[in-house]
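>>> Everything below, folded, please.
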Amino acid sequence: MKSMSKAFSPRNASGKPTVKVDAPTPKGDKAVVPAAKITVDGKPLRAIMLSRSHGVDPKSFTAKVETAKVNGKWYIGDFDMDSGHQTLRPQGQ
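Numbers count the residues shown, from 1 in each chain. Reported below is the predicted structural model:
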């Protein structure tokens, strides 16, 4: 997890990043948010991920966060990344 944290952090980030989500209107208790709609210290998460990646074609790269509402609070369920060649899909806890 430590390496993922570094990969998803902007260069020169503080230890306490500000994360903002421009979430779409949820359909019931679920929503899918593209990484381009999530900013970390003012920079889109998609751009951060691409800047820390090697050999990834930006045209074929996608990432999204699937969320679910449980007992009135929103939680991340799945985080999907696809580079066009392989998909990394860690399961949420």
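
>>> Just the helices from this structure, written as ranges.
Shown for the chain, the helices assigned by DSSP state H span residues 2-7, 45-51.

>>> packing partners for the longest one?
Based on contacts counted as 3 or more CB pairs under 8 Å, 6 or more residues apart in numbering; DSSP states H and E, the elements that helix 45-51 packs against are strand 38-40, strand 62-70. Every C-beta, even on glycine, is put in place using the N, C-alpha and C of the backbone.

>>> Make TSV from these and add mean neighbour count to it.
Below are the helices and strands packed on helix 45-51 laid out as TSV (neighbours: other CB atoms under 10 Å):
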stretch	mean neighbour count
strand 38-40	20
strand 62-70	16
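
>>> out of the ones you listed, nearest to Gly15?
Taking CB to CB, strand 38-40 is the member of the helices and strands packed on helix 45-51 nearest to Gly15, at 12.6 Å.

>>> Give me the helices and strands touching that closest one, please.
Packing partners of strand 38-40 (3+ CB pairs under 8 Å, 6+ apart): strand 19-21, helix 45-51.
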